[in-house]
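J.: Quick one, what's the 3D model for this:
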Amino acid sequence: MPEAGAVAAAHAARRQVMAGVAAEAGAEVLVCWSSGVQSFMYMDAPCYASGYRSRARAALVVGGGEPVLLVSPRLEAPRAAARAAGCTVVGADGGGLVAELARLVGGRTRGPVAVCGTNLLTGGDADALEGALGRPLVEVTAEVDAACARSDAVEREAASRATAIAEEGYARALAELRPGLREHELVGMLDQLMRELGAEDNFLLMSASQHATSVNTPGDRILEEGDLVLAEISPGVDGVFTQICRTAVLGEPSRALVEGYELLRGAFQAGLAACQPGVPLGEVVAAVNEPIVAAGFGEYCKPPYMRTRGHGMGLGSPKPQDLRLGGTELIEEGMAFVLHPNQYLPTVGYLMCGDPVLVEAGGARRLTSAAASLDVVGC
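T.: Numbering: from 1, shown residues only. A predicted model of the protein is given here:
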């Protein structure tokens, strides 16, 4: 785990980058908004720039003075102060958060005010803030996302810890996997294990069947011999999410299943090799698809049989977005995302095979200690 000084320095550097984005948009002050609901599908800017993971509405004000973190309810202020080194923390209750935010921002600048996280800012809050300030807000969410697309050392370390937790939790769950368990029992076990290992959040999909068309949320289904257990495991540490995609079979796998999974493992390796700085995302997707198409399953390399070949994750920018054929966004050094050739094959059903990767100067590497493989559980 990084030293407190290194973490505080990373947050200060992130705030500086975000303030630079606001300045380029002609604004001296930037308001970063959070709804209190973390997800790897979008950036939580206050958490990214302060270290405080909110439980309700929060806003971070950067520029025009020392950074100020506004949190709600007021009783959250002590916890926020313990996490947000380098920021003044102010607590507010209910609608008082927007009023306090407007007062603070109005005292810092008479000019334009930039805002990011507007996808999390309700229409009522946006209108109230604009009305109190007497000027429109300058939208810079996309620009902040782009500026924060590269993970720093602190974020990468948290992603590595989260990945290790995902792997260990899954390994322990495999040891308990057997016919007779219900899907939700297995997921509850896995969630508890990963929280004991240090995960502060989890997004879990896990389901079982003899021939699935996708992975689903867990239900009451009782596991049987011959089932394929599909798992998408996404724990978070210090606000940073990661994801592994795994497939286990209860009992002896068929030859078709073994061959199908090896096909996806090969597709993953092909995609990993293509993940080079400067390469368009669409080329990575084409590399993943190539061995699957060559095996005669080309018609299944598109919806509804598969949705995407991966997506961004982490604490900062969600870039890259979904890895889709034809995508023109360029891969950058420092990007971290999950690469997953999850795929329906008519011979065996849906299979999951994916790992988080980090793009470095010489190419991408897996953050997992071992590549995804078909896990066989004896009955």
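
J.: Kindly give the local confidence score, pLDDT, for the residue nearest to residue 66 when sequence neighbours are not counted.
T.: Distance criterion C-beta to C-beta, 6 or more residues apart in numbering; nearest residue to residue 66, sequence neighbours excluded, is residue 88 at 5.8 Å. Any C-beta I mention is one placed from the backbone N, CA and C, and that applies to glycine too. pLDDT, the model's per-residue confidence, is 96 for residue 88.

J.: just checking, what packs against the least confident helix or strand in the chain by mean pLDDT?
T.: Among the secondary structure pieces of the chain, namely its helices and strands, helix 123-133 has the lowest mean (mean pLDDT, DSSP states H and E), a mean of 80. Judged by 3 or more C-beta pairs under 8 Å, 6 or more residues apart in numbering; DSSP states H and E, the packing partners of helix 123-133 are helix 96-106, strand 137-139.

J.: Now residue 212: which helix or strand?
T.: Using DSSP states H and E, residue 212 sits in no helix or strand.

J.: mind listing what it touches?
T.: By C-beta atoms under 8 Å, 6 or more residues apart in numbering, residue 212 lies in contact with 228, 230, 349, 350.

J.: For the helices and strands packed on helix 123-133, give me JSON lines that also has mean pLDDT, distance to residue 206 and mean neighbour count.
T.: Listed next are the helices and strands packed on helix 123-133 as JSON lines, based on pLDDT from 0 to 100; distance: least, C-beta to C-beta, whole Å; neighbours: other C-beta atoms under 10 Å:
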{"stretch": "helix 96-106", "mean pLDDT": "90", "distance to residue 206": "37", "mean neighbour count": "19"}
{"stretch": "strand 137-139", "mean pLDDT": "92", "distance to residue 206": "38", "mean neighbour count": "16"}
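
J.: Now render these as TSV, adding distance to residue 21.
T.: Conversion of the helices and strands packed on helix 123-133 to TSV gives the following (distance: least, C-beta to C-beta, whole Å):
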stretch	distance to residue 21
helix 96-106	17
strand 137-139	10
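
J.: if I've got this straight, residue 53 is in a strand?
T.: No. Counting by DSSP: H, G, I helix; E, B strand; the rest coil, one finds residue 53 to be coil, located in no strand.

J.: I'd say it and residue 240 touch.
T.: No. Under the criterion of C-beta atoms under 8 Å, residue 53 makes no contact with residue 240, lying 10.2 Å away.

J.: and residue 213, how many residues sit next to it?
T.: Burial of residue 213 is recorded as 11 neighbouring residues (other C-beta atoms under 10 Å).

J.: Tell me how far it lies from residue 276.
T.: Here the criterion is C-beta to C-beta, to the nearest Å. By it, residue 213 lies 33 Å from residue 276.

J.: re the thing from before, which one of the helices and strands packed on helix 123-133 lies nearest to residue 165?
T.: Closest of these to residue 165 is helix 96-106, at 32.8 Å (criterion: C-beta to C-beta).

J.: and the helix or strand following that closest one, what does it pack onto?
T.: Using DSSP H and E, the helix or strand that directly follows helix 96-106 along the chain is strand 113-116. Under the contact criterion of 3+ C-beta pairs under 8 Å, 6+ apart, strand 113-116 touches helix 4-24, strand 29-34, strand 137-139, helix 141-147.

J.: Disregarding flanking residues, what is the spatial nearest neighbour of residue 81?
T.: Of all residues not flanking residue 81 in the chain, residue 89 sits nearest, at 4.4 Å (C-beta to C-beta, 6+ apart).

J.: ok, residues contacting the least confident helix or strand of the chain?
T.: Counting by C-beta under 8 Å, 6+ apart, helix 123-133 makes contact with 31, 33, 57, 95, 98-99, 101-103, 105-106, 113, 118, 121, 136-137, all of which sit outside it.
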